[in-house]
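1. this is a predicted model, with the sequence first.
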Amino acid sequence: MNALSEEHSPSVGPVGPAGRVGPVPVSRRARAVTPASALDHLWLHFTDHSAYADGDGPPVIVSGEGARIRDSKGRTYLDALSGLFVVQAGYGRPELARAAAAQAEELAYFPLWSHAHPRAVELAERLTDHTPAGLNRVFFTTGGGEAVESAWKLAKQYWKLLGRPGKHKVLARAIAYHGTTQGALAITGIPALKQMFEPLVPGAFHVPNTNIYRAAENLRDDPTAFGVWAADRIEEAIQFEGPDSVAAVFLEPVQNAGGCFPAPPGYFERVRAICDKYDVLLVSDEVICAFGRVGGIFACTEMGYVPDIITCAKGMTSGYSPIGAMITTEKLFEPFRTGHEMFAHGYTFGGHPVSAAVALANLDLFEREGLVDHVRKHAPDFRATLERLLDLPVVGDVRGEGFFYGIELVKDKTTRESFSDAECERILKGFLSPALFEAGLYCRADDRGDPVIQLAPPLIVGQAEFDEMESTLRSVLSQVPDML
Ligand SMILES: Cc1ncc(COP(=O)(O)O)c(C=O)c1O
């Protein structure tokens, strides 16, 4: 135990007359947290700690207001990633904090194991107001990976209950990220993230994604033909594996990892038809894309397709408390409603009352402020602003939907030649990420596929922030050619 822990101020306030806890001071460390002290005990996620071996520790973000975050050194940044595709409504929203506090006072916790609590009931109903017809059943989790994990388990059990026990495999797309638990990681299509943890859950297979920028030359300028080609790879994989062995296909409406690959026209329509033809469930993994990120509370509704399962999390509370969900059709629930069968699966904190209350307040906020319409209305301006960067020699492609864009960086625009691994390490990690942050922009430079910069700001931003993103990116990206 750290000696400092004895110096913590009390985390529980005085008990008031009605037996209720009074104002609750946040537990504080006696000494200020600094980038250096951040590494005393903390193990950062997806982080190469050696990057901090010689100097300062990681940035410590201490507060936020609107679309701005502030670090422990007092510097502010434009958050062009909504934390991690999470903070849709922006920082510092008292009503979301109040919803959490009020719920914690009323009922801090109760599980959804054979019991219900009011906020889970209300939130399940509220979510299904926005799902396509038929998707009426909500199974809460605490995050996105758990929702994906739940969907694969449900798909397996569903087919077993229907007398088709061989249907257990799943398909997903190359470079797609679906989470880190061993099932979700098997579904994830990024070999580098999986190698250390093999063998993973067997039965996950991958098909090409919808990256038209890297499509064969005869398809690059014909999105409809490319969509047919990409959807047909799913049919081909089902045939290769055997339709009697495939349970489900996991697809993001717009694939994040690799840098925002939108679906070509007709793609989901064709995938839906293929899934129906072979009795394969279609899972729309909307952990990023739901809650306004690409317009619409759910992206599938916005994009006009009907999955069998939606997985979602991140933006549901705008990050003020964690929650996720798997939303299924009544058809998938039917064997469990009538057949004395149990979905033997759950999470202690799934559908936590505080998170459910915050999610309800967040949906109120979405409605009152028209956030979904704001995204729909301003997405073309955001895109057009970012497309101005296409005049830079290193910007090969700008793509995405809504408030969710990827900018692919290339070494040679004419040939679309990408950077080598060593160049990625030097330019993306060694230069771009720190330089953009230093210039006041928090975003993500990612090389899980080809190198991209990803932008997904809070849904409250407008032209002033679009311009700020563009000008910061321009000034930093303009320096890349000199590094080659
Ligand atoms: C599409 C998708 N699915 C699943 C996940 C996993 O979510 P979580 O990190 O909440 O487990 C993510 C996380 O980024 C994601 O983008």
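-> Thanks, I have it.
2. make it CA atoms for all contacts and neighbour counts henceforth
-> Will do.
3. wait, residue 478 sits on residue 392?
-> Yes - if you go by Cα atoms under 8 Å, residue 478 and residue 392 touch, sitting 6.9 Å apart.
4. pick out the residue of the stretch 251-400 of the chain closest to the ligand.
-> In the stretch 251-400 of the chain, the residue found nearest to the ligand is residue 287; the distance is 4.7 Å by Cα to the nearest ligand atom.
5. how about that residue, phi and psi?
-> Per-residue torsions, residue 287: phi -60, psi -40 (degrees, to the nearest 10).
6. mind listing the residues bridging to the closest residue to it other than its chain neighbours?
-> Once flanking residues are discounted, residue 287 sits nearest to residue 312: 4.0 Å by Cα to Cα, 6 or more residues apart in numbering. Assessed by DSSP bridges, residue 312 has beta-bridge partners residue 325.
7. and if you look at residue 405?
-> residue 400, residue 455.
8. so who does it touch?
-> 259, 260, 383, 398, 399, 454, 455, 456 (Cα atoms under 8 Å, 6 or more residues apart in numbering).
9. and the residues you listed, which is the shakiest by pLDDT?
-> pLDDT across these is lowest for residue 259, at 94.
10. stretch 235-244: which residues count as buried?
-> Within stretch 235-244, the residues that count as buried by 16 or more other Cα atoms under 10 Å are 235, 237, 238, 243, 244.
11. surely the first one and residue 274 touch.
-> Yes - with contact defined as Cα under 8 Å, residue 235 and residue 274 form a contacting pair (6.2 Å).
12. re the thing from before, of the contacts of residue 405, which is the most crowded?
-> Greatest neighbour count in the contacts of residue 405, by other Cα atoms under 10 Å, goes to residue 259: 31 neighbours.
13. SS state for that residue?
-> When classified by DSSP: H, G, I helix; E, B strand; the rest coil, residue 259 comes out as coil.
14. quick one: which of the contacts of residue 405 is nearest residue 189?
-> Set against residue 189, the nearest of those by Cα to Cα is residue 259 (13.7 Å).
15. would you check how far apart that closest one and residue 68 are?
-> Distance of residue 259 to residue 68, given as Cα to Cα, to the nearest Å: 23 Å.
16. where does residue 409 fall, phi/psi-wise?
-> Residue 409 adopts backbone torsions of phi -100, psi 140, taken as degrees, to the nearest 10.
17. check residue 172 too.
-> Main-chain torsions, residue 172, degrees, to the nearest 10: phi -150, psi -180.
18. any idea what it is bridged to?
-> For residue 172, the beta-bridge assignment (DSSP bridges) gives partners residue 206.
19. just checking, residue 213 touches residue 220?
-> Yes - using Cα under 8 Å, residue 213 makes contact with residue 220 at a distance of 6.4 Å.
20. check the contacts of residue 405 and tell me the two furthest apart.
-> Comparing every pair within these by Cα to Cα identifies 259 and 383 as the most remote, at 14.3 Å.
21. tell me the contacts of the most centrally placed residue in the chain?
-> With distances taken as Cα atoms, centre = their mean, the chain has residue 288 as the residue nearest its mean C-alpha position (3.1 Å). Shown in contact with residue 288 (Cα under 8 Å, 6+ apart): 85, 86, 256, 312, 313, 314, 315.
22. just those now: which is nearest residue 147?
-> Taking Cα to Cα as the measure, residue 312 is the one of the contacts of residue 288 closest to residue 147, at 6.9 Å.
23. the closest one touches residue 326, doesn't it?
-> Yes - between residue 312 and residue 326 a contact is recorded at 6.6 Å, counting by Cα under 8 Å.
24. mind listing the helices for the stretch 51-200 of the chain?
-> In the stretch 51-200 of the chain, the helices defined using DSSP state H, counting those that start in this stretch lie at 82-85, 94-106, 118-128, 144-161, 182-187, 191-194.
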